[in-house]
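Participant: Build the 3D model from these lines:
(2 chains)
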2 protein chains.
Amino acid sequence: MNSSTLIPTPDNFYWPPSQNITSAKIADNAVMLRWDNGNHSKLHPLWLRDNCSCALCLHQVTRENLLDLRDIPEDIQAASVEVDAEGALCVTWLGSGHVSRFNPAWLYANSGLQPASPISAALWGTAQFSEPPTFYADNGLISDELLHEVLLSVCHHGIARLRDLPTDIQLVEDFALRIGPIRETHFDRIFDVISKADGDSNAYTSENLAAHTDIPTRESPPGIQILHSRVAEAKGGESLMTDGFKVAQDIEQEFPEHYKTLTSTKWCYANRAGPKDYRWEAPTIGLDDEGKLLEIRMLPFSRAPLQGSFEDIQNAYAALRCYMEKANSPKYQMSFPFRAGDLIIFDNRRILHGRAKFYPSTGERALRGTYLDRDDVLSKIRQLQHQFLLDR
Amino acid sequence: MNSSTLIPTPDNFYWPPSQNITSAKIADNAVMLRWDNGNHSKLHPLWLRDNCSCALCLHQVTRENLLDLRDIPEDIQAASVEVDAEGALCVTWLGSGHVSRFNPAWLYANSGLQPASPISAALWGTAQFSEPPTFYADNGLISDELLHEVLLSVCHHGIARLRDLPTDIQLVEDFALRIGPIRETHFDRIFDVISKADGDSNAYTSENLAAHTDIPTRESPPGIQILHSRVAEAKGGESLMTDGFKVAQDIEQEFPEHYKTLTSTKWCYANRAGPKDYRWEAPTIGLDDEGKLLEIRMLPFSRAPLQGSFEDIQNAYAALRCYMEKANSPKYQMSFPFRAGDLIIFDNRRILHGRAKFYPSTGERALRGTYLDRDDVLSKIRQLQHQFLLDR
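Facilitator: Numbers count the residues shown, from 1 in each chain, chains lettered A, B, ... in the order given. The predicted model follows:
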């Protein structure tokens, strides 16, 4: 590693050298930098002081701030600035004489010059994918590089399939824990999808299941679902997967009135078998504060009675039916067999999943699954990318 | 129980008789009901058909729908309606001849005549509470009635304290599991707040901790925190609690510009100790889609560098400082000792907690804690209320 990577940063990450600071000065109470690619930065003294990463200001193990914002003078000013021999920006603060030293790579990335590129969603119908994007385990093993590819596919396409895995009972939990902590729900922490006489959900029958997302009965439904096929002898039971964002996007184009209804009418979903009583109301298509697609919530078999006027009910049902028809149609819904040793990981707040009816008399069928959250996947991707950078 | 309680409903709950249906007729393709208190209902045929709870339409164990909305004719019409000898509304459907039978108590409650009364938040400063609303275990035991009172206090006031509990190590997990599944995070599932040399958070030092909410580094921070004091021999270490909604409400009145900034500027919080890399950007004061207070996110020691222009940064810091000063001031922040055998349960998305410095050389101090989500509390309250109704 270059010596400049030893210049402290507020985090514990490796910041390989990027641009050098060619000049630093104080003007109008801002710290003005020029970078060797010609870019400029205008840095606020409060921002710089707040991000000081010396051992007095930042706990060196936890990487949490020790300095309290309330102890920084509101009108703090830099007395002097310089670029030291290692290329770090050094700011000496007026009054206290405290010196803050900034790693230039960290500074370049965090002062708006190198905007983070969020992983963009690539929406699909069956014209794009007839089966999930597929990856193969190597002798049953999943390398970090393979895991990284799989998780990127979950971010891009909402889904990935891993094949050639062992079928042992512990696999799905071990796989999940490699990514993040299990997101427990009021169903089992690790669940077996098999036909049961006394199951607490239609999932535990052999009937077909229409396109749905799991557990919209919660304020925050699980973000990621993982299903591992351990036994696949029964006839039928094909997996059905739909990109719910693609359906939403097309409805916005084709049926703008329905789109408006789907993004505003709150349907309640409820787990009604008791004694637990989880229920939540939210629109079918959830948008973020910028109006972008955030999540889909749809569990047709747990739909609670809609509250609304006679006229609202007519529109709400028409829009919901439109969504359901598309989500279950061959244009949007892929159908594929689940082979023993296959694992599917998908975004439960984007991808609707379903199942064709299967025939228990023709053989056994056993899936085992669990949940994570979306940001577990994001954290793992960042962690792996950081590790690959270090390994280079 | 009255025989009418045996009339089926879509759920598994007890619907004690409320109003009787005095007349039912079909008009303009709606089912018109008159109730014996003079109220009227105008029910949509799609809504009625969709909520049929017969064994063909609803799985009688899972209480999940078997009938698919797509199989209901869009122009479905009732052929005839009648009120049967038990008081149920019976609708015979045109074409199919299928009969749907509705429990009148369920119908009255679910057709807009008996709006649910959400539990309202009662905001507080130290003028209202100098210590948390407190409840006492009976010989160390927590009855269902007591648990219900405690959970209602969490909804109203954001916090409750239980005293006179045992100090055994298993207590906090058992207490949490009585309410719902543990909300695991990337920290320990059950965590011990003790002074550690190599902890992964400042919480595991003996230093004072400014008012904060836990884990805003996640898209969905844990909704409920439970802390159980097992050993409280060390001097210092008072608990500090602030109603973050009260602070938000007062800032809205006193400093509307700051309120605007706090509800719009997204701060990033990040767990930076590695190798995990959780981070999330959101406003300090989160509002729901009706502009009501939804959540507070503030973890001063995990604040990541703000991205924004020079001018935005000035305003963002001024507003954040204003919030922090109030949240840590005696007008808003209660301070109270944590006695061994005390348990505190609070809304981690509303209440900011902190801790005064403590002195490990003066004795031991051990808290044990865990997390749930807000809707676990709501589900448990409903479950208990349903149980009390059945026990009457």
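Participant: got the contact list for the helix or strand harbouring A:Arg230?
Facilitator: Assigned by DSSP states H and E, A:Arg230 falls within strand A:224-232. By C-beta atoms under 8 Å, 6 or more residues apart in numbering or on different chains, the residues outside strand A:224-232 that reach it are A:154, A:165, A:167-169, A:171-172, A:175-176, A:179, A:183, A:193, A:214, A:337-348, A:353, A:363-374, A:376-377. To be clear about C-beta, it is placed using only N, CA and C from the backbone, and glycine gets the same treatment.
Participant: What of stretch A:351-365?
Facilitator: Here stretch A:351-365 makes contact (C-beta under 8 Å, 6+ apart) with A:158-159, A:194-195, A:206-214, A:225, A:231-244, A:247, A:296, A:298, A:327-328, A:333, A:335, A:346.
Participant: Count the neighbours of the nearest residue to A:Asn65 once chain neighbours are set aside for me.
Facilitator: Counting by C-beta to C-beta, 6 or more residues apart in numbering or on different chains, B:Phe301 is the residue found nearest to A:Asn65 once chain neighbours are left out, at 4.4 Å. For B:Phe301, the neighbour count with other C-beta atoms under 10 Å in any protein chain shown is 21.
Participant: Now for B:Phe301: which residues touch it?
Facilitator: Taking C-beta under 8 Å, 6+ apart, we find B:Phe301 in contact with A:His59, A:Thr62, A:Glu64, A:Asn65, A:Leu66, B:Asn202, B:Leu209, B:Ala210, B:His212.
Participant: repeat that with 10 Å
Facilitator: Going by C-beta atoms under 10 Å, 6 or more residues apart in numbering or on different chains, B:Phe301 touches A:58-59, A:62-68, B:201-203, B:207, B:209-210, B:212, B:269.
Participant: A:Glu238 contacts A:Asn208, doesn't it?
Facilitator: Yes - the pair A:Glu238 and A:Asn208 qualifies as a contact (C-beta atoms under 10 Å) at a distance of 9.5 Å.
Participant: returning to that earlier point: which of the contacts of stretch A:351-365 are buried?
Facilitator: Listed as buried from the contacts of stretch A:351-365 are A:158-159, A:194-195, A:206-214, A:225, A:232, A:234, A:237, A:239-244, A:247, A:296, A:298, A:327-328, A:333, A:346; burial here means 16 or more other C-beta atoms under 10 Å in any protein chain shown.
Participant: Next step: those residues restricted to strands.
Facilitator: If you go by DSSP state E, those have A:159, A:209-212, A:225, A:232, A:239-243, A:296, A:333, A:346 in strands.
Participant: which among these gets closest to chain B?
Facilitator: A:Ala210 (5.9 Å; C-beta to the nearest C-beta).
Participant: Isn't that closest one up against A:Arg321?
Facilitator: No - at 11.9 Å, A:Ala210 does not count as touching A:Arg321 under the criterion of C-beta under 10 Å.
Participant: which neighbours do those two share?
Facilitator: By C-beta under 10 Å, 6+ apart, the residues touching both A:Ala210 and A:Arg321 are B:Leu69, B:Arg70.
Participant: Residues in a beta bridge with the residue nearest to A:Val172 when sequence neighbours are not counted, which ones?
Facilitator: Using C-beta to C-beta, 6+ apart and skipping the chain neighbours, the partner closest in space to A:Val172 is A:His228 (4.1 Å). Bridge pairing for A:His228 (DSSP bridges) gives the partners A:Leu343, A:Arg368.
Participant: So A:His228 versus A:Ala340, what's the distance?
Facilitator: Taking C-beta to C-beta, to the nearest Å as the measure, A:His228 falls 9 Å from A:Ala340.
Participant: Looking at those two, which is more packed in?
Facilitator: Higher neighbour count among A:His228 and A:Ala340: A:His228, with 29 against 16, using other C-beta under 10 Å.
Participant: Return the distance of the more buried one relative to A:Ala122.
Facilitator: Using C-beta to C-beta, we find A:His228 at a distance of 25 Å from A:Ala122.
Participant: Could you check the pLDDT of A:Asp200?
Facilitator: According to the prediction, A:Asp200 has pLDDT 68.
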